[in-house]
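Visitor: the sequence and its predicted three-dimensional model are supplied below.
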Amino acid sequence: MSQDSERIPEFDPRSERRTDRIEVNAEVALRRSGQHLYRVRVYDASRYVCRLEFVERPQVEERVWIRFDGLSALEGVVCWVNGFVAGIEFVPAIHPAVFDLLVPRLA
């Protein structure tokens, strides 16, 4: 059994969603504490959360900062990890009007 399946057995992040997400295929700037910015892929997003692909596997509850093009950096917390993909909860959530402006750029 791999380390990934031992850490999160049969975990489906979609099972705990509190809102619908938009599917995207874009890149965002990511900064982890004490590290430089680098570009990562974002798979889906909502006002509350997003799903990112990391270069190095993050830790659950790790704080990160995500910058969508044209926005200031948003603080987030890693909620789950499956391999190099992780769910990030924004702290605080993105304002509805800001998210509405962001959606066309991500689609």
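Guide: Yes, it's here.

Visitor: when you work out contacts or count neighbours from here on, use the C-alpha atoms and nothing else.
Guide: Noted.

Visitor: can you tell me, leaving aside adjacent residues, what's nearest to Arg31?
Guide: In this structure, Arg31 finds its nearest non-sequential neighbour in Leu37, 4.6 Å apart by Cα to Cα, 6 or more residues apart in numbering.

Visitor: cool, and Asp69?
Guide: Val28 (6.8 Å).

Visitor: you'd agree Cys50 is in a strand?
Guide: Yes. The assignment for Cys50 is a strand, going by DSSP: H, G, I helix; E, B strand; the rest coil.

Visitor: residues touching it, list them.
Guide: Counting by Cα atoms under 8 Å, 6 or more residues apart in numbering, Cys50 touches Arg21, Val42, Tyr43, Asp44, Gly87, Ile88, Glu89, Phe90.

Visitor: flag every buried residue along the longest helix anywhere in the chain.
Guide: Using DSSP state H to assign secondary structure, the helix with the most residues in the chain is helix 96-106. For helix 96-106, burial by neighbour count (16 or more other Cα atoms under 10 Å) applies to Leu102, Leu106.

Visitor: and the contacts of that helix?
Guide: Here helix 96-106 makes contact (Cα under 8 Å, 6+ apart) with Ile22, Val24, Asn25, Ala26, Ser46, Arg47.

Visitor: distance from the chain centre to it, please.
Guide: 16 Å (Cα atoms, centre = their mean, to the nearest Å).

Visitor: that older thread, narrow the contacts of Cys50 to those in strands?
Guide: Of the contacts of Cys50, the ones assigned to strands by DSSP state E are Val42, Tyr43, Asp44, Gly87, Ile88, Glu89, Phe90.

Visitor: and the closest residue in space to the second one that isn't next to it in sequence, how many neighbours?
Guide: So the one you mean is Tyr43. By the measure of Cα to Cα, 6+ apart, the closest residue to Tyr43 outside its immediate chain neighbours is Val24, 5.1 Å from it. A count of neighbours around Val24, defined by other Cα atoms under 10 Å, yields 17.
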